[in-house]
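Trainee: here's a sequence, model it:
(one chain, ligands or ions: 2)
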Amino acid sequence: MLTGTATRSRPLAISDVTIADAFWSPRREIIHTSTLPQQERQLRSPGQQFDALRLAWRPGDPHEPHIFWESDIAKWIEAASYVLAGEHDPQLEASVDEAIELLAGAQEEDGYLNTYFTVVRPGERFTDLQDAHELYCAGHLIEAGVAHYEATGKIALLNVVRRYADLIDREFGPGGSAEGGYDGHQEVELALVKLYNATNEDRYLRLAERLIDNRGTQPFYFEAERVRRGTPGYFDFLFEDRARRADWYRQYNQSHLPVREQTEVVGHSVRAMYMYSAMADLASHNDDAALRSACERLWNDLVDSKLYITGGIGALHSIEGFGPAYHLPDADAYAETCAAIGLVFWAQRMALLTGEAKYVDVLERALYNGVLSGSSEDGTCYFYGNPLASDGDVQRSEWFGVACCPPNFARLLASLEHYVYAVDDRGLTVNLYVAGAATFEHNGQDLTLTQQTRYPWGGRIDMNVETSADTEATIRLRIPQWATNWTAAVNGSQVVRETQRGYAVLDRTWSSGDTITLELSMEPTRVWADARVAAARGKVAIQRGPIVHCIEETDNAAPVSALALSREAQLRVMHDHARGLDSITAGGTLESRMTDVLYTSREPETSAIDVRTTPYFSWANRERGSMTVWMRESAT
Ligand code: FUB
Ligand code: ZN
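Mentor: Ligands and ions are numbered 1, 2, ... in the order given. Down below sits the predicted model:
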């Protein structure tokens, strides 16, 4: 249960944070100048997302609207809105406004908004909640409406999504057509919490609660709706064994048990992340101890046995989701970009709920590795799955038939401001080290904290405080779990040596011009996995700060399977100025097993070489070739 009188911890608004960071700013600029235009071209292709909203499709026409399409356009609007919060771009603004007009035009009289059910299957709305993604799309539309309002102050889309949310509230409420129902792909719950935060309308929070609490109760809603409907579900062609494996399919969308009773992360990973995010939000809003405990149990299950070192999650391709504990294959990893993004969402909410830095440690792991690998350096090609090893045949694609990951990536990077800081009535928490500034009000005074840093390539962060008058406040600095040594000084004097819940806590009266210097040790380190992770057995990974490294064939002029890192070799950090990143070099061996016959009793020849790494997020941006995160180790 939440204790004490502190106000709920919350992120700062986008307008209260600036990012001027050597690592992040160029990447965010690429989102603006390359990613969003490239995605817009895809969405505007003939017969695709923009066109579908014109409601012109008729049976027999090509390009039947897809059940997910509103979600793609919504995530794109959301990302573009965040960009528009900080950039004057009339062309982008006009495009966003046009998309919003199309959405408004596609909305039915009573507020309903889903092209597929309007033109392809009219009269069938809310009858296939298990498969048809209506509430998933609704959730993304609501998130877009809130973001657009927050970023631009315009209410057109917010009004559209409020009307839709009001309809959903009626239909899922007492006497409604979907009373007792909930969505087959969770998403709308966290969106409704955002809508509540933006409008202060209690009914949106209550609706989110109902959707969360209905889930997993018996009789199972999806099985009952199927009987009522009497026709196949949208995805029956994919899931032919549904009748035989009822419990497995309940686990797939986390409806096997009431959420408060769930103890293991199971099923489809994006669904799980979005649902756990909403659970953490509701636990926080309602001081709901049972929901908080459920979140903590599920979290422990995830980080103890189902989390990739890259922050990727969801090992299995077959269900885009979780396998059993320790089942973390590398080349066969699914690790969908959206799932790592979903983990960022959940981790942030857990940190806000508990005040514990350990959640941000995982957030950071996902953000700098398994999320960032989701896009090419030029911001126009994407990974859906993010394997930890490859023979060289894995490349990013420009787009996908189901295009969930690309705009999800864009909206996360474009809203990085939300993740750097949190505030409560005690002061400011610095969760991520990103150069720029945060402005917040505390005890009636305006405070600004600026950060200067080379992070993640350097562990020193110089901060400066400006305040309208001397003010007592707490500034909490996250000490990442990987930082084995650290120091924090105010105005040059070392102040704290211990952490509280993973934070160095600086409690004092702040005056303008006060400085904080944080030094985090950033030695490159070897990381070994639990022996039950088969893909990592006898292998080692390298991490420096938050960055997980891998080896690529292109840097080593040899297939990565032929390389081994010497156990004792010193790890040497080099900054690659041309690529703007650090790589690590260490002594190792190259083993040649190439012979003229398939099998031989001749021992392999080995030679001493230097093995060179690259950050995992940067892989597959140059010549094709093999890659691995888990490297073989040699004794010499
Ligand atoms: O079902 C919508 C999205 O498509 C999911 O979140 C992803 O896993 C992909 O299947
Ligand atoms: Zn995705």
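Trainee: so who does the residue of the stretch 151-300 of the chain found nearest ligand 1 touch?
Mentor: Going by C-beta to the nearest ligand atom, ligand 1 is nearest to V270 of the stretch 151-300 of the chain, at 3.5 Å. Heads up, the C-betas are built off the backbone N, CA and C, glycines and all. V270 makes contact with H185, G314, E320, E336, C338, A339, G342, C404 under the criterion C-beta atoms under 8 Å, 6 or more residues apart in numbering.
Trainee: helix/strand/coil for it?
Mentor: The local conformation at V270, judged by DSSP: H, G, I helix; E, B strand; the rest coil, is helix.
Trainee: skipping its backbone neighbours, what lies nearest it in space?
Mentor: Distance criterion C-beta to C-beta, 6 or more residues apart in numbering; nearest residue to V270, sequence neighbours excluded, is C338 at 4.7 Å.
Trainee: where's that neighbour, which helix or strand?
Mentor: Per DSSP states H and E, C338 falls inside helix 337-354.
Trainee: anything in that helix near ligand 1?
Mentor: Yes: residues of helix 337-354 contacting ligand 1 under C-beta under 6 Å from any ligand atom: C338.
Trainee: helix or strand right after that helix?
Mentor: helix 357-365.
Trainee: quick check: angle from that following helix to helix 337-354?
Mentor: With axes from the mean of the first three to the mean of the last three C-alpha atoms, to 10 degrees as the basis, helix 357-365 and helix 337-354 are set at 160 degrees to each other.
Trainee: quick one: strands adjacent to the very next helix or strand once past helix 357-365?
Mentor: Later in the chain than helix 357-365, the nearest helix or strand by DSSP H and E is strand 389-390. According to DSSP bridges, strand 389-390 forms sheet pairs with strand 627-628 (antiparallel).
Trainee: show me how far stretch 225-240 is from its chain's centre.
Mentor: Put simply, stretch 225-240 sits 30 Å off its chain's centre (C-alpha atoms, centre = their mean, to the nearest Å).
Trainee: start to end distance for that stretch?
Mentor: Taking C-alpha to C-alpha, to the nearest Å, stretch 225-240 runs 18 Å from one end to the other.
Trainee: mind checking if it is in reach of ligand 1?
Mentor: No: Stretch 225-240 stays clear of ligand 1 (C-beta under 6 Å from any ligand atom), getting no nearer than 9.4 Å.
Trainee: tell me the mean pLDDT for that stretch?
Mentor: Mean per-residue pLDDT for stretch 225-240: 94.
Trainee: the helix holding C338 - what's its average pLDDT?
Mentor: Mean predicted lDDT for helix 337-354 stands at 98.
Trainee: so what does that helix touch, helix or strand wise?
Mentor: Contacts defined by 3 or more C-beta pairs under 8 Å, 6 or more residues apart in numbering; DSSP states H and E place helix 337-354 against strand 10-11, helix 269-286, helix 289-305, helix 357-365, helix 405-414, helix 417-420.
Trainee: ok and the longest one relative to helix 405-414, angle-wise?
Mentor: Using the same axes, to 10 degrees, the inter-axis angle of helix 269-286 relative to helix 405-414 is 40 degrees.
Trainee: may I see the buried residues of helix 269-286?
Mentor: Within helix 269-286, the residues that count as buried by 16 or more other C-beta atoms under 10 Å are 269-285.
Trainee: and it, anywhere near ligand 2?
Mentor: No: judged by C-beta under 5 Å from the ion, helix 269-286 stays clear of ligand 2, getting no closer than 6.4 Å.
Trainee: in CSV, list the helices and strands packed on helix 337-354 along with mean pLDDT.
Mentor: Shown next, in CSV, are the helices and strands packed on helix 337-354 (pLDDT from 0 to 100):
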stretch, mean pLDDT
strand 10-11, 96
helix 269-286, 98
helix 289-305, 98
helix 357-365, 98
helix 405-414, 98
helix 417-420, 98
